[in-house]
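*Asks:* build me a model from this:
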Amino acid sequence: MKGDETMDKFVMEGQPRAASDQGTRAVRKLRSGGQMPVNVYGGGKPNQTYSVKGSDFYSALEQSHRLFEINCDGKSEMGIVKEVQYDTFGDHAIHADLARVSMDDVVDATMHIKPFGVPKGLSTGGTLDVAYHHIPVRGKVSSLVDSMVINIEHLASDESIRAQEIELPEGVETPLPGGTPIIIVHGRRGG
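*Replies:* As a prediction, the model looks like this:
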C-alpha cells in the first residue's frame with residue numbers, strides 16, 4: 001500500500017474576469033469559447049474570478065487532480081477543489097470553486113484508492129467489492145497524495161482491507177473509523 005508522490009498541482013493559465021463579465025449572457029459567451037469560470041476564495045484575500053480552458057480543467061479532474069494553480073498576469077493562485085458544477089449530462093465541468101491554500105495549510109480532501117492485482121479469493125468464486133473509491137483525508141497540502149495504490153493480491157474470500165490498514169503519509173489521517181472496510185472480497189454464495 002503506497003501513495004503516489006505528493007499531491008500534484010495542475011497548473012493552468014487563466015484570465016481575470018471583471019465584475020461586468022459575471023452575468024448569464026457573459027458566462028454563455030465564455031463557455032461557447034471553450035472557457036469556464038473558476039472562483040478562488042478564502043485565505044484572507046478577496047475573492048477572484050478567472051476564466052480557464054474548460055476541457056483542460058475537466059481532464060485534470062478525471063485524472064484525480066484536486067490542487068490547481070492558476071497563472072494570470074505574472075501572478076499565481078493555488079486552490080483546492082471545493083465544488084464543481086457540470087452540464088446537464090455530466091460531460092463537462094461548467095463552473096468550479098477553489099479554496100485558496102498554501103502548501104502548509106491543513107485541509108480536508110479526498111484521496112483516490114487504486115486497487116492493484118487480482119485477489120486470490122476470486123479464483124475460488126469470490127467477488128471484489130471496492131466500497132470506497134475515494135476516502136476522506138485531512139492533512140497539510142504538502143503531505144497529501146492524489147491517490148493510494150493498494151495491493152489486493154493477498155485477499156482471500158471473506159477478507160478485507162480496512163481503513164486502519166491503509167498506510168497514509170505522515171501527518172495525514174482519515175476520519176473514517178479504523179474498522180471501516182475499504183476493499184472487500186466476498187466469499188462465494190449459494191452452491
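
*Asks:* per-domain residue ranges of this protein.
*Replies:* Listed by automatic domain parsing, the domain ranges of the chain are 7-101, 107-186.

*Asks:* where in the chain is the helix or strand with the lowest mean pLDDT?
*Replies:* Scoring the helices and strands of the chain by mean pLDDT, DSSP states H and E places strand 2-3 at the bottom, with a mean of 50.

*Asks:* after that one, heading C-terminal, what element do we hit next?
*Replies:* strand 9-16 (DSSP states H and E).

*Asks:* quick one, what contacts residue 80?
*Replies:* Shown in contact with residue 80 (CB atoms under 8 Å, 6 or more residues apart in numbering): 66-68, 98-99, 101, 107, 109, 141. Glycine gets a C-beta too; all of them are placed from N, C-alpha and C.

*Asks:* that should have said residue 115, apologies.
*Replies:* Residue 115 sits next to 128, 130, 150, 152, 183 when contact means CB under 8 Å, 6+ apart.

*Asks:* which residues of this protein score low on pLDDT?
*Replies:* Low-confidence segments of the chain (pLDDT under 70): 1-6, 19-20, 190-191.

*Asks:* show me the strands in it, by range?
*Replies:* Listed in chain order, the strands of the chain (DSSP state E) span 2-3, 9-16, 35-42, 45-53, 67-72, 75-86, 93-100, 106-116, 127-130, 134-140, 147-151, 159-162, 181-186.

*Asks:* among those, which is nearest residue 170?
*Replies:* Ranking the strands of the chain by distance to residue 170, with CB to CB as the measure, places strand 134-140 first at 8.7 Å.

*Asks:* kindly export that closest one (C-alpha atoms) in CSV.
*Replies:* Only the C-alpha atoms of strand 134-140 are listed here, as CSV (Å, rounded to 0.1, in the frame of the first residue of the first chain):
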residue,chain,number,x,y,z
HIS,A,134,-12.1,7.8,-2.6
ILE,A,135,-11.6,8.2,1.1
PRO,A,136,-11.8,11.5,3.1
VAL,A,137,-8.5,12.6,4.5
ARG,A,138,-7.1,15.6,6.4
GLY,A,139,-3.5,16.9,6.4
LYS,A,140,-1.1,19.5,5.2
